[in-house]
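Novice: pasting the sequence and the predicted model now:
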Amino acid sequence: MQFPDYRPRRLRKNENFRRMIRETKLSADNLIYPLFVVPGAKVKKPIASMPGNFQMSVDHIVREAARMKTLGIPAILLFGIPEKKDEIASGALAKDGIIQRAVREIKEKVSDVLVITDVCLCEYMSHGHCGMIEKGEVANDLTLEVLAEQAVSHARAGADMVAPSAMMDGQVGALREGLDEAGFDAVPIMAYSAKYASCFYGPFREAAESAPAFGDRRAYQMDPANSDEAMREITLDVAEGADIIMVKPALAYLDVIRRAKEEFDLPLAAYNVSGEFAMVKAAAQMGWIDGERAMLESLTAIRRAGADMIITYFAPEAAELLGR
């Protein structure tokens, strides 16, 4: 096909033509909304670095879940901030823990919204790391036992799906075994399979109050330079029983998303993380870019790369625009 016989502009000249040939579809069906649950009642505290997002008590979280249903967003992802943190993550396992309470309330009062829970220890640890500390280091196998117990407690509360994000070796297998033994073999696992040690998590650590008190997470999260390693990580999670695989972050790792989509025959999630969200919001507030167009272009790029679902703080705003 060559000019002048082929003129691509013929099919771009109005919106109806563009709609008919659009290759990548983005809708509310593709979105998952992350929410931050805190103790108390009537709490809705703005997160300074994430405009439009809040730390919320359970009563407000229930209202947000209902709003997501109205917007057509099929799922929410819960992160919990406990009343007290300690060195054994006791708040992560408590029957009346913040996530457990939130899950029960949502499932009781809001139908047809999937509740996914983050399975990690960083929000519950006084030191902010994702696992148990032994001799000054995060102890992988000791952490697996606690993560499995945490996942089972979420399932008992009514969680529809669990999402282990600690990047411990063997975490998916540990959760699958724990869930199955407890009678929750029908609860799926969304695995944070390729989670990179990224600077783009900065605003999240304010929101989840989970910055490490010492060191960093590069000993267990992935080196941003590595792509082949991501395929090995995903292979391990698939073998251990993951139902959904994930790449995190999204925009700086579109090549990894594309590789994962081509190499694995499982549903693929991508996490459009807090720093990616904050950059768009900050530039829009300065008048440097059109925030709505930048948001939709970014989410479309993540879909185009191969993601079946996108975890994003843009979810309600995007769903409203897409529904117009």
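Specialist: Great, that's in hand.
Novice: how many neighbours does residue 265 have?
Specialist: If you count neighbours by other C-beta atoms under 10 Å, residue 265 ends up with 8. Just so you know, the C-beta spots here come from the backbone N, C-alpha and C atoms, and that holds for glycine as well.
Novice: residue 18 versus that one, what's the distance?
Specialist: In this view, residue 265 and residue 18 are 31 Å apart by C-beta to C-beta, to the nearest Å.
Novice: how much space separates the residue nearest to residue 204 when sequence neighbours are not counted from residue 36?
Specialist: Distances taken as C-beta to C-beta, 6 or more residues apart in numbering place residue 274 nearest to residue 204, at 4.0 Å, with adjacent residues excluded. Counting by C-beta to C-beta, the separation of residue 274 from residue 36 is 11 Å.
Novice: overlap of the contact sets of these two?
Specialist: residue 207 (C-beta atoms under 8 Å, 6 or more residues apart in numbering).
Novice: ranges for the helices of the stretch 201-324 of the chain?
Specialist: Along the stretch 201-324 of the chain, counting by DSSP state H, counting those that start in this stretch, helices occupy 202-208, 228-240, 254-263, 274-285, 291-305, 315-322.
Novice: just checking, what packs against the last one?
Specialist: Applying 3 or more C-beta pairs under 8 Å, 6 or more residues apart in numbering; DSSP states H and E, one finds that helix 315-322 makes contact with strand 31-37, helix 58-71, helix 291-305.
Novice: in TSV: the ones you listed, plus mean neighbour count and mean pLDDT.
Specialist: Converted to TSV, these look like this (neighbours: other C-beta atoms under 10 Å; pLDDT from 0 to 100):
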stretch	mean neighbour count	mean pLDDT
strand 31-37	25	97
helix 58-71	18	98
helix 291-305	19	98
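Novice: closest to residue 207 out of those?
Specialist: Closest of the helices and strands packed on helix 315-322 to residue 207 is strand 31-37, at 5.1 Å (criterion: C-beta to C-beta).
Novice: how far does the closest one sit from its chain's centre?
Specialist: In terms of C-alpha atoms, centre = their mean, to the nearest Å, the centre of strand 31-37 is found 8 Å from the chain centre.
Novice: list the strands paired with it, with their directions.
Specialist: The strands beside strand 31-37 in its sheet (DSSP bridges) come out as strand 54-56 (parallel), strand 75-80 (parallel), strand 309-312 (parallel).
Novice: can you redo the ones you listed as a markdown table with distance to residue 92?
Specialist: A markdown table is the format used below for the strands paired with strand 31-37 (distance: least, C-beta to C-beta, whole Å):
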| stretch | distance to residue 92 |
| --- | --- |
| strand 54-56 | 17 |
| strand 75-80 | 8 |
| strand 309-312 | 20 |
